[in-house]
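Participant: Sequence plus the predicted model coming up.
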Amino acid sequence: MAVRLFEGKEHASSYWRYRVSPPPELINKVLTFLKAHGDSVCELAVDVGCGSGQGTVLLAQHFSRVVGTDISPAQLEQALQHSTAPNISYRECPAEDLPFENGSVDLVTAMSSFHWFDHPQFLQEADRVLKPGGCLAILNYSLDLELSYGHCSRELNLICKEFYDSLQSHRHSHLGPGSRVLYEQIYNSLQYPVKEWEPSYWTQQVVPLSRYIGMMKSFSCYQLLLQKDPEEALRLSQDITQRLLSAMKVTSLETEVTMAVRYFYLLACKPPSQ
């Protein structure tokens, strides 16, 4: 990977506890695309930059074999602890140097990880390992999550927006103007003739407020602030937490809210004759 983050054991554990998994309907869109435009074979899927494996496990029921790859031993340790499917395995390796033979993989996915890679090298490597007719799926979600609770949803989201705005100045320089801009640029530059771009796909799930706070604190911009100024990071998270609780008129972080997540993704099929 071009940038190495998220490698501490505590951070890896928070990834497993708080990060959202792609919803089943989004995985189904990937599979539908593969079966409609690819070779309809579901033998081997490779989930690159798999982190703690939330996305990897979702592929297991659809493929004979699934391999999650990541450069972080701590993340892979979490993935192994929570993986029970016998057809899943994990490999420690860079995204730009995958341990698979030429033309051997049916589906390559990168779920919330592609923006950290060396983009041209990864795309070249994905093309190398994909079978003719194999598919590439690159998924991510935006930082601007939305919360709904009773009659105070608008107030909650104004508070959330302040949180996002406070973190923007701590974005890693590698991310540039934003990952959605990057993903669309990559989509436009891909030479595969069969491809699909979705800039805004909203999903919802009911979670305790603590899950939302934990997820936001796991983001790279918060983690970079935490490294630079731990006291300011703590002050910011405590302030936002108390303001959300006050707006909801509750005291428990286990109070459930509806969290809306906006995904964006690109899908592309390697030409059968390539």
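Facilitator: It's in.

Participant: For residue 79, list the residues it contacts.
Facilitator: 50, 51, 52, 53, 56, 68, 70, 90 (CB atoms under 8 Å, 6 or more residues apart in numbering). Quick note: C-beta positions are derived from backbone N, CA and C, even for glycine.

Participant: Can you get me a residue count around the last one?
Facilitator: When neighbours are counted by other CB atoms under 10 Å, residue 90 registers 20.

Participant: Heading C-terminal from the helix or strand harbouring it, find the next helix or strand.
Facilitator: Assigning secondary structure by DSSP states H and E places residue 90 in strand 88-92. Sequence-wise, the next helix or strand downstream of strand 88-92 (DSSP H and E) is strand 105-111.

Participant: for the following helix or strand past that following strand, packing partners?
Facilitator: Using DSSP H and E, the helix or strand that follows strand 105-111 in sequence is helix 119-129. Contact partners of helix 119-129 among helices and strands, from 3 or more CB pairs under 8 Å, 6 or more residues apart in numbering; DSSP states H and E: strand 44-48, strand 105-111, helix 179-189.

Participant: what's the shortest one in contact with?
Facilitator: Counting contacts by CB under 8 Å, 6+ apart, the residues outside strand 44-48 that touch it are 53, 55-56, 59, 62-69, 95, 98, 100, 104-111, 113, 117, 122, 126, 129.

Participant: Excluding sequence neighbours, find me the nearest residue to residue 34.
Facilitator: Spatial nearest neighbour of residue 34, excluding adjacent residues (CB to CB, 6 or more residues apart in numbering): residue 135 at 4.5 Å.

Participant: Centroid-nearest residue for this protein?
Facilitator: residue 112 (2.3 Å; CA atoms, centre = their mean).

Participant: Check the gap between it and residue 128 for me.
Facilitator: For residue 112, the distance to residue 128 equals 23 Å [CB to CB, to the nearest Å].

Participant: Need the CA coordinates for the biggest helix by length in the chain. CSV is fine.
Facilitator: Ranked by number of residues, the top helix in the chain under DSSP state H is helix 230-248. Below are the C-alpha coordinates for helix 230-248, written out as CSV (Å, rounded to 0.1, in the frame of the first residue of the first chain):
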residue,chain,number,x,y,z
PRO,A,230,-4.6,13.9,22.1
GLU,A,231,-6.2,16.5,24.4
GLU,A,232,-7.9,18.3,21.5
ALA,A,233,-9.1,15.0,20.0
LEU,A,234,-10.6,14.0,23.4
ARG,A,235,-12.2,17.4,23.9
LEU,A,236,-13.8,17.3,20.4
SER,A,237,-15.2,13.8,20.8
GLN,A,238,-16.6,14.5,24.3
ASP,A,239,-18.1,17.8,23.2
ILE,A,240,-19.9,16.2,20.2
THR,A,241,-21.0,13.2,22.3
GLN,A,242,-22.6,15.4,25.0
ARG,A,243,-24.2,17.7,22.4
LEU,A,244,-25.8,14.7,20.7
LEU,A,245,-27.1,13.2,23.9
SER,A,246,-28.5,16.6,25.0
ALA,A,247,-30.3,17.1,21.6
MET,A,248,-31.8,13.6,21.9
